[in-house]
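Participant: Compute the structure for the input listed below.
(one chain, ligands or ions: 1)
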Amino acid sequence: MSTTYQATAAFAANLDATDELKDYRNRFHIPSANGKSLIYFCGNSLGLQPKSTRAYLEQELTDWQNLGVEGHLHAKNPWLYYHHFLTDATARLVGAKPIEVVVMNSLTVNLNLLMISFYRPTAKRNKIMMEYMAFPSDQYAVENQVKFHGYNPNEAIIELMPREGENCIRTADILAKIDEHKDELALIMIGGVNYYTGQLFDMATITSHAKNCSSDIVVGYDLAHATGNVKMDLHDWNVDFATWCSYKYLNSGPGGTSGVFVHEKHAENNLLPRLSGWWGNDESTRFKMQKGFIPQQGAAGWQMSNAQVLSMAAHRASLAIFDEVGMDKLIAKSKLLTGYLEFLLLNGKRKDFKIITPEDVAQRGCQLSIVMNENGKKTFDALTQNGVIADWREPDVIRVAPVPLYNTFEDVYRFAEIFHAV
Ligand SMILES: *Cc1c(COP(=O)(O)O)cnc(C)c1O
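Facilitator: Okay, here's the model as predicted:
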């Protein structure tokens, strides 16, 4: 594609004019300063607010105002069943069956809950494999799960490393590392898209390779940077479990709720240990107030507390948009948009940087991570002063994520112009 790109404002304007998804930008509130829209490239950190979110929230506020506790049964969207209203759209988003997904809690909480069930170390098989430079919350969670079971994190955690002089981790090296440790691996838990480099891991290949090595290796993913950004088929890939947040690419508001995937093959396994609460209990006996936890089948059986309706209402507003567009169209635009950004960065006058995100579109989503050789923070601050909202990571990385739902080719063009000028 890159060979056909042109570095002109007219070319960018033409891509916008012919963009099938161009009207979706109007469905979002775009932050502005001095009357001018900001170039918002931080949808990987906090997605923008859909204009429809307010009405979804107001519906629940109004029902609460008018009905009080009666809203559990008589709200327009009865709160008792609120999490059900998110299931089908969530399943479509990640390539799952409805029984395999539930929306609940927040991400790191769910990661811990899922590891309680799916990290079952034994004297022989107690290692967890994860990627080098995983998101800190995941590192802390894994470290303490290991300690919780009485093992030493320095011995039990195997980190997948990039080669000397490289930033991303080669799939072949991951597979070799799995082979090397196949008799001692209890769990592989990787971020589907690494938050720092933007590398999209080949989850299908990694999962099937691990399963071929041993059916005792459990494979789970943190999909915080993958969901709503890349296409996934969690069911077909035979992934055991996954979880993600809703406030990054999924535009569901700060601190928003989280999604969970548990493969159908575990749906009826009542022997899996889990932390439990009334909402995970069989719905027909939930209010009988009896002893004896009977888990619901599927991912819903991991719920503990009743639905966080306000947070889920915001999430519903956003899921409706994703459902309407569909991941296929979104990804087609995403590749074109990020490809254009890459083209403009590499073909401008400035050369004092390197893009560490893979060039291969099969190994990335919309984010590009730019390592600055010098004056990184200065460049970042100048971008900010010129109306760009991007993300700075010490010591030298600028992360930019043009998202296909609301960013434009003009955003990308203007960004590159500013980047090369400052
Ligand atoms: C954003 C992110 C988190 C944040 O976790 P919360 O529990 O939602 O605060 C955790 N892990 C990864 C990989 C993330 O990208």
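Participant: OK, contacts around the residue nearest to the spatial centre of the chain?
Facilitator: By Cα atoms, centre = their mean, the mean C-alpha position of the chain lies nearest to A224, the distance being 2.4 Å. By Cβ atoms under 8 Å, 6 or more residues apart in numbering, A224 lies in contact with L107, F135, G191, Y195, W244, C245, K248. Just so you know, the C-beta spots here come from the backbone N, C-alpha and C atoms, and that holds for glycine as well.
Participant: Starting from the ligand, give me the distance back to it.
Facilitator: Per Cβ to the nearest ligand atom, to the nearest Å, A224 is found 3 Å from the ligand.
Participant: what about that residue, helix or strand, and which?
Facilitator: Assigned by DSSP states H and E, A224 belongs to neither a helix nor a strand.
Participant: Roughly how far does it sit from Y132?
Facilitator: Relative to Y132, A224 is positioned 17 Å away (Cβ to Cβ, to the nearest Å).
Participant: The stretch 51-200 of the chain against the ligand: which residues are in contact?
Facilitator: Contact residues, the stretch 51-200 of the chain versus the ligand (Cβ under 6 Å from any ligand atom): S106, L107, T108, F135, S137, D138, G191, Y195.
Participant: Of the residues you listed, keep whichever come out buried.
Facilitator: S106, L107, T108, F135, D138, G191, Y195 (16 or more other Cβ atoms under 10 Å).
Participant: isn't the fifth one right next to G192, touching?
Facilitator: It stands for D138. No: contact between D138 and G192 fails when scored by Cβ atoms under 8 Å: they sit 11.5 Å apart.
Participant: Overlap of the contact sets of the two?
Facilitator: The contact lists of D138 and G192 share D222, where a contact means Cβ under 8 Å, 6+ apart.
Participant: Mind checking if stretch 393-409 is in reach of the ligand?
Facilitator: No: applying Cβ under 6 Å from any ligand atom, one finds stretch 393-409 separated from the ligand by no less than 11.5 Å.
Participant: Assign a three-state SS to the residue of the chain most remote from its centre, would you?
Facilitator: Farthest-out residue of the chain from its mean C-alpha position, per Cα atoms, centre = their mean: Q290, at 37.6 Å. Classification of Q290 using DSSP: H, G, I helix; E, B strand; the rest coil returns coil.
Participant: for the record, mean pLDDT for stretch 342-351?
Facilitator: In this model, stretch 342-351 carries a mean pLDDT of 96.
Participant: Likewise for stretch 255-267?
Facilitator: For stretch 255-267, mean pLDDT is 98.
Participant: how about that stretch against the ligand, any contact?
Facilitator: No: Stretch 255-267 stays clear of the ligand (Cβ under 6 Å from any ligand atom), getting no nearer than 6.5 Å.
Participant: follow-up on the earlier one: among the residues of the stretch 51-200 of the chain next to the ligand, which lie within helices?
Facilitator: L107, T108, S137, D138 (DSSP state H).
Participant: just the helices in the stretch 251-400 of the chain please.
Facilitator: Taking DSSP state H, counting those that start in this stretch, the helices of the stretch 251-400 of the chain run over residues 309-325, 327-346, 376-385.
Participant: Does anything pack onto the host helix or strand of T205? Which helices or strands?
Facilitator: Assessed by DSSP H and E, T205 sits inside helix 203-213. For helix 203-213, the elements it packs on are helix 171-180, strand 185-191, strand 218-222, helix 234-237, judged by 3 or more Cβ pairs under 8 Å, 6 or more residues apart in numbering; DSSP states H and E.
Participant: Provide the strand pairings for the second one, with the direction of each partner.
Facilitator: Sheet pairing of strand 185-191 (DSSP bridges) gives strand 127-131 (parallel), strand 218-222 (parallel).
Participant: so can I have CSV of those showing mean pLDDT, mean neighbour count and distance to H72?
Facilitator: What follows is those, written out as CSV (pLDDT from 0 to 100; neighbours: other Cβ atoms under 10 Å; distance: least, Cβ to Cβ, whole Å):
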stretch, mean pLDDT, mean neighbour count, distance to H72
strand 127-131, 98, 23, 40
strand 218-222, 98, 27, 32
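Participant: Looking at those, which is nearest to G35?
Facilitator: strand 218-222 (39.3 Å; Cβ to Cβ).
Participant: Identify all contacting residues around that closest one.
Facilitator: Strand 218-222 has contacts (Cβ under 8 Å, 6+ apart) with 107, 111, 114-115, 118-120, 134-135, 138, 186-192, 203, 206-207, 210-211, 238-244.
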